[in-house]
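Visitor: Build me a structure from this.
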Amino acid sequence: MTGPDNMPAVLDVLCPMHVMINHTGHIVHVGDTLRKLRPDLNWVGARFLEVFALKRPRTVNSMSDLRDNAGIKLHLQLRDSPVTELKGVAVACGPDGVLIVNLSFGISVVDGVRQYDLTHADFAPTDLATEMLYLVEAKSTAMEAWRKLNLRLQGAMIAAEEQAFTDTLTGLKNRRAMDHVMARALERGTQFALMQLDLDFFKLVNDTLGHAAGDHVLQTVARIMVDETRSEDTVARLGGDEFVIVLPDVRDIPALRRIGSRLIKRLEVPMPFEGNDCCISASIGTVFFEPGSGADMRSLLDDVDVALYASKRAGRGRQTFYSPALRRGLNANESTSQQAG
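Guide: Next up, the predicted model:
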């Protein structure tokens, strides 16, 4: 049978958050887990009511009151920082006025464990807190696994979306991406420029040197176009030898002329491929989107196509800016051709 001499050792196992108080209200023993809450406190010899503030019952203001409320649920709080609220119950032990107060975190056990870096080993094996800790740990593990899976899924979605918006041959954006970028630009209603570029003599390269040479030319053109534009510009290949550049916040014609001139100059430099020179040039059509103009994507693409056609008719290897006069001239030419026919 267990005697009074080894009572503290028994309590340390069964109630690792207990406090043993003598008849004067001084702490004579404290459980190991409770000690971890205030490792720097000299527990033994301290007055219980100077370490703990009793919040309920509100009538408990002295050790005599505490003894009178033995067996009643107590709400306590450690007086110093960090603020930690505890639940407890006091039990009289023996005729000499000794009280044992067993404490717990109550429903705040998870917060308490995190705050003081406790583990299931800091609680009695039969304490339901250990079951909750296992559940919390299992939930934490499951949530971490879900987080990692979610990150992988997000990465896969981003990669799939990027692939759906990318021209596989050149690495540029594709028509779908260009439509998306233009739709957003039109939604914002801010000024931007649209430049359409068509390669001159590209068919001749394909016919004489083969499709591998043609692919090499397209990839080289893509690199040059990226080099000559800003990071915020969108360079897209629409298919074949057609390219489009969307240039946000570009307002002056001289800047666009310089970009077009650099592109044409660089694309006219022969591109070596397996001992042969691939010789092309570029025709460019350019149009501005003016906020409030009422232009939509279809009309802008139609206008830039008219400007590109004007460059082709003027001898290729040049840039033309759209104006309504170009369209009138195109319509007049079509009408003359139809009459001649």
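
Visitor: need the contact list for Gly317.
Guide: 200, 264, 268, 281-283 (C-beta atoms under 8 Å, 6 or more residues apart in numbering). All C-beta spots, glycine's among them, are computed from the backbone N, C-alpha and C.

Visitor: Contact partners for Leu238?
Guide: Counting by C-beta under 8 Å, 6+ apart, Leu238 has contacts 174-175, 178, 244.

Visitor: at 7 Å what do you get?
Guide: 175, 178, 244 (C-beta atoms under 7 Å, 6 or more residues apart in numbering).

Visitor: cool, and Thr229?
Guide: Per C-beta under 7 Å, 6+ apart, neighbours of Thr229: 235, 245.

Visitor: Unless I misread the structure, it falls within a strand.
Guide: No: counting by DSSP: H, G, I helix; E, B strand; the rest coil, Thr229 is not part of a strand but coil.

Visitor: Can you tell me how far it is from Ala177?
Guide: Distance from Thr229 to Ala177, counting by C-beta to C-beta, to the nearest Å: 15 Å.

Visitor: Would you mind checking the contacts of Gly317 for buried ones?
Guide: Buried residues within the contacts of Gly317, counting neighbours by 16 or more other C-beta atoms under 10 Å: 200, 264, 281-283.

Visitor: ok, and for stretch 82-99, which residues are buried?
Guide: Buried residues in stretch 82-99 (16+ other C-beta under 10 Å): 84, 86-88, 90, 93, 98-99.

Visitor: Only C-alpha atoms, please: export it in PDB.
Guide: This file holds the C-alpha atoms of stretch 82-99, laid out as PDB (Å, rounded to 0.1, in the frame of the first residue of the first chain):
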ATOM      1  CA  PRO A  82       2.600  34.600 -20.700                       C
ATOM      2  CA  VAL A  83      -1.000  34.600 -19.600                       C
ATOM      3  CA  THR A  84      -2.100  31.000 -19.200                       C
ATOM      4  CA  GLU A  85      -5.500  30.000 -18.000                       C
ATOM      5  CA  LEU A  86      -6.000  26.600 -16.300                       C
ATOM      6  CA  LYS A  87      -8.800  24.500 -14.800                       C
ATOM      7  CA  GLY A  88      -8.400  22.700 -11.500                       C
ATOM      8  CA  VAL A  89      -9.800  21.000  -8.500                       C
ATOM      9  CA  ALA A  90      -8.500  21.000  -4.900                       C
ATOM     10  CA  VAL A  91      -8.500  18.000  -2.600                       C
ATOM     11  CA  ALA A  92      -7.700  17.900   1.100                       C
ATOM     12  CA  CYS A  93      -5.000  15.300   1.900                       C
ATOM     13  CA  GLY A  94      -4.600  14.200   5.500                       C
ATOM     14  CA  PRO A  95      -5.300  15.900   8.800                       C
ATOM     15  CA  ASP A  96      -2.500  18.400   8.700                       C
ATOM     16  CA  GLY A  97      -4.200  20.800   6.200                       C
ATOM     17  CA  VAL A  98      -2.300  19.700   3.100                       C
ATOM     18  CA  LEU A  99      -4.100  20.500  -0.200                       C
END
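
Visitor: the helices in the stretch 201-341 of the chain, which residues?
Guide: Ranges of helices within the stretch 201-341 of the chain are 202-209, 211-227, 253-267, 297-313, 324-340, based on DSSP state H, counting those that start in this stretch.

Visitor: Thanks a lot, catch you later.
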